[in-house]
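[1] make a model of this:
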Amino acid sequence: MLAFICRLRPARWPRQARFLFICSMLMGLSNLGWSADREIAILTLPETLARVLQSSPELAVYPYEIRAAEARILQAGFRPNPVLSVGVDDIVGSGELSGMNAMETTLALSQVIEMGNKRNLRRDVGSWQRQAVERDYELARLDVLAAAASRYLEVAQTQRLLDFSEQVVEWTLAAQSVANRRFDAGSASRAELGRARTDAMQAALAVSNLKVRLANAKRRLASLWGDSQPDFAMVGAELFSLVEIPDFSRIQTQLEQAPQLQRFLTQDRLRQAQLELAIAGGRQDIEVGAGFKHIRETNDIGMVLQFSMPLGVNDQNQGNIQAAREDLAKLDLEEEATRVKIFTELHNAYAQLEQTRNQVTVLRNEILPEARETLELIQDGYRVGRFSYLELVQARQQVLAVENDAVVAATDFHQTLITLETLTGQPLTGSGQILTRADTASGVSSEFRLPYLDGSAGAEQTLQQEKSR
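    Below is the predicted model:
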């Protein structure tokens, strides 16, 4: 579960913000409207997933592919067309056969009868091909939604770094003001004042760079639902809300539900059907017919019966049968290789998940409070001349480094959890965790249930609400 919590700030959030939650990634959306031209202040994760499910250019092709597969099933169920034949014998010859007097005309209707149940086998192959397309769609949907969650994380991370960089600007401006007073009083050198001014300008430049980076990240997120420009001001996320990590044994038991492995079940049925169709292709079809023959000379009419069947002396479809067998045998090796790959990725991601969670906990709960407290002490001491400007800069840089490391580690935690849930195709932390935080200044409390894979039901609710407004 990718859990987020809103960071409420009165200057940025509307007082009557409403949020919808509980989304499930494995449900589809269709024929739901979205007001794309209405700019919103805060984009939530359910709204992000809803937009991607409805308008992703990458997913838009799959309805056509599914309909094409259904059309192929329809075509596979048709029997061969009957054949109407007309034959004229004994005309324009010599002697008694000259002219049209001895002409014999045969009118017959024939039908190919497929042997080996080919028609039903063709339909079986088409049906499994359709299911294979559906499996591909499920995988593509997981990939697209995983990309949406990752880019949502990118925007949230950049927002957090921008907020902190703006705070650093306030610190540097305050230090510059103190340096000015100390310089005027003769207790600070011109070099110290220049350093303070340079640090303030560099902090402002960092804010400018992060604003550009944030705008780019928002555009990358909006591109997933086909927009070139974002219509939201910010995303509502709290990076430091970390869910409990499930036991690896539980994750391992969900390995069989991995979409990549489930796809092999469909592929196995498809290749079995293709093998059976190839074997049936070695059975020779027969053609039967009946008709009438008219003899002009006597004006008599007789009945004609026809029967034909190729002799399977040379071609019994041996090559196609062998190729189908090899494809079926190869599938087992491909499945085993995929299983080993997924298990390795799961194990590595789980180890990284534990490490990043521990890193965030230590940075946020132990190192960062100590670094901030030290910075505050040095800031207060610098104002009265107990600490040098160099000590102030070092303390400020330490806080900046720890804060950046904590943000990166928290982002890595959520990104790793996204990877785990994408591999297993299952939410790893139950049905979701409601996290609540109240902002006493604004009087607004926000509740979110934002699991990653437990997801597109809320996205569907979000679209329905937007349509009804």
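[2] give me phi/psi at Val88?
    phi -120, psi 120 (degrees, to the nearest 10).
[3] which stretches in the stretch 251-400 of the chain count as strands?
    Along the stretch 251-400 of the chain, counting by DSSP state E, counting those that start in this stretch, strands occupy 286-295, 300-308.
[4] who's in contact with the last one?
    Yep, that's strand 300-308 we're talking about. Identification of contacts with strand 300-308 by Cβ atoms under 8 Å, 6 or more residues apart in numbering yields 106, 108, 110, 286-295. C-beta: built from backbone N, CA, C; applies to glycine.
[5] which stretches of this structure form helices?
    Listed in chain order, the helices of the chain (DSSP state H) span 45-55, 62-76, 118-185, 190-223, 248-253, 259-281, 318-362, 368-383, 389-424, 456-468.
[6] worst mean pLDDT among the ones you listed?
    Note on the helices of the chain: helix 456-468 shows the lowest mean pLDDT, a mean of 45.
[7] now for the nearest residue to Ala102 once chain neighbours are set aside, how many residues are close by?
    Nearest non-adjacent residue to Ala102, counting by Cβ to Cβ, 6 or more residues apart in numbering: Asp90, 4.4 Å away. Residues near Asp90, counting by other Cβ atoms under 10 Å, number 17.
[8] what do you get for Arg160?
    Arg160 sits with 21 neighbouring residues when counted by other Cβ under 10 Å.
[9] and the one 5 residues further on, by the same measure?
    The local packing count at Ser165 equals 21, with neighbours defined by other Cβ under 10 Å.
[10] before we move on, back to that, for the residue nearest to Ala102, phi and psi?
    Dihedral angles (degrees, to the nearest 10) for Asp90: phi 60, psi 60.
[11] pull the distance from stretch 220-230 to the chain's centre.
    15 Å (Cα atoms, centre = their mean, to the nearest Å).
[12] in that stretch, what's buried?
    221-222, 224-225, 230 (16 or more other Cβ atoms under 10 Å).
[13] likewise for stretch 279-292?
    279-281, 289, 291.
[14] and what of stretch 138-155?
    Those buried within stretch 138-155 under the rule 16+ other Cβ under 10 Å are 138-139, 141-142, 144-155.
[15] residues in contact with that stretch?
    Residues outside stretch 138-155 that contact it (Cβ under 8 Å, 6+ apart) are 2, 25-26, 43, 45, 48-49, 52-53, 56, 58-59, 62, 214, 217-218, 220-221, 224, 234-235, 237, 239, 259-260, 263, 411, 414-415, 418-419, 421-422, 425, 452, 455-456.
[16] same check on stretch 384-398?
    Stretch 384-398 is contacted by residues 168, 171-172, 175, 179, 182, 187-188, 192, 195-196, 199, 371, 374-375, 378-379, 381-382 when judged by Cβ under 8 Å, 6+ apart.
[17] follow-up on the earlier one: show the buried residues in the contacts of stretch 138-155.
    Here, 16+ other Cβ under 10 Å leaves 2, 25-26, 43, 45, 48-49, 52-53, 56, 59, 62, 214, 217-218, 221, 224, 234-235, 237, 239, 259-260, 263, 411, 414-415, 418-419, 421-422, 425, 452, 455-456 buried among the contacts of stretch 138-155.
[18] number of residues surrounding the closest residue to Leu121 other than its chain neighbours?
    Excluding the flanking residues, the one nearest Leu121 by Cβ to Cβ, 6+ apart is Leu277, at 4.3 Å. Burial measure for Leu277: 23 neighbouring residues, criterion other Cβ under 10 Å.
[19] now do the contacts for Asn365.
    The contact partners of Asn365, by Cβ under 8 Å, 6+ apart, come to none.
[20] look up how far Asp300 lies from it.
    Distance of Asn365 to Asp300, given as Cβ to Cβ, to the nearest Å: 108 Å.
[21] ok so, going back, next, format the buried residues of stretch 279-292 as CSV and append distance to Glu244.
    Formatted as CSV, those follow (distance: Cβ to Cβ, whole Å):
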residue, distance to Glu244
Ile279, 53
Ala280, 55
Gly281, 56
Gly289, 75
Gly291, 80
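[22] which of those residues sits closest to Lys118?
    Ala280 (5.0 Å; Cβ to Cβ).
[23] now do the contacts for the closest one.
    115-118, 121.
[24] apply 7 Å and report the result again.
    116-118, 121 (Cβ atoms under 7 Å, 6 or more residues apart in numbering).
[25] nearest residue to it in space, please, no chain neighbours.
    Per Cβ to Cβ, 6+ apart, closest to Ala280 is Gly116, 3.3 Å.
[26] right, and the one you found touches Asp285 too?
    No. The criterion here is Cβ atoms under 7 Å, and Gly116 misses it with Asp285 at 8.5 Å.
[27] find residues that contact each of those two.
    By Cβ under 7 Å, 6+ apart, no residue touches both Gly116 and Asp285.
[28] quick one: buried ones out of the contacts of Ala280?
    116, 118, 121.
[29] distance of Leu107 from Arg151?
    Distance, Leu107 to Arg151, by Cβ to Cβ: 70 Å.
[30] just the buried ones from the contacts of stretch 384-398, in ChimeraX syntax?
    Buried residues among those (16+ other Cβ under 10 Å), as a ChimeraX selection:
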select :168,171,172,175,179,182,188,192,195,196,199,371,375,378,379,382
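[31] over to Met309: give its phi and psi.
    The phi/psi pair for Met309 (degrees, to the nearest 10) is phi -160, psi 130.
[32] list the contacts of the closest residue to it other than its chain neighbours.
    Excluding the flanking residues, the one nearest Met309 by Cβ to Cβ, 6+ apart is Ile286, at 4.4 Å. Contacts for Ile286 (Cβ under 7 Å, 6+ apart) come out as 113, 115, 309.
[33] rerun at 8 Å
    112-113, 115, 307-309.
[34] same deal with Ala273?
    121, 124-125, 128 are the contacts of Ala273 under Cβ under 8 Å, 6+ apart.
[35] reformat the contacts of Ala280 as JSON lines; add distance to Leu205.
    Shown next, in JSON lines, are the contacts of Ala280 (distance: Cβ to Cβ, whole Å):
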{"residue": "Gly116", "distance to Leu205": "76"}
{"residue": "Asn117", "distance to Leu205": "75"}
{"residue": "Lys118", "distance to Leu205": "73"}
{"residue": "Leu121", "distance to Leu205": "69"}
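[36] before we move on, back to that, how close does the residue nearest to Ala102 sit to Val304?
    Taking Cβ to Cβ as the measure, Asp90 falls 15 Å from Val304.
[37] now do Ala156
    Counting by Cβ to Cβ - Ala156 and Val304 are separated by 81 Å.
[38] what do you get for Gly381?
    Separation of Gly381 from Val304 (Cβ to Cβ) stands at 116 Å.
[39] if anything else comes up later, I'll come back, but that's it for now.
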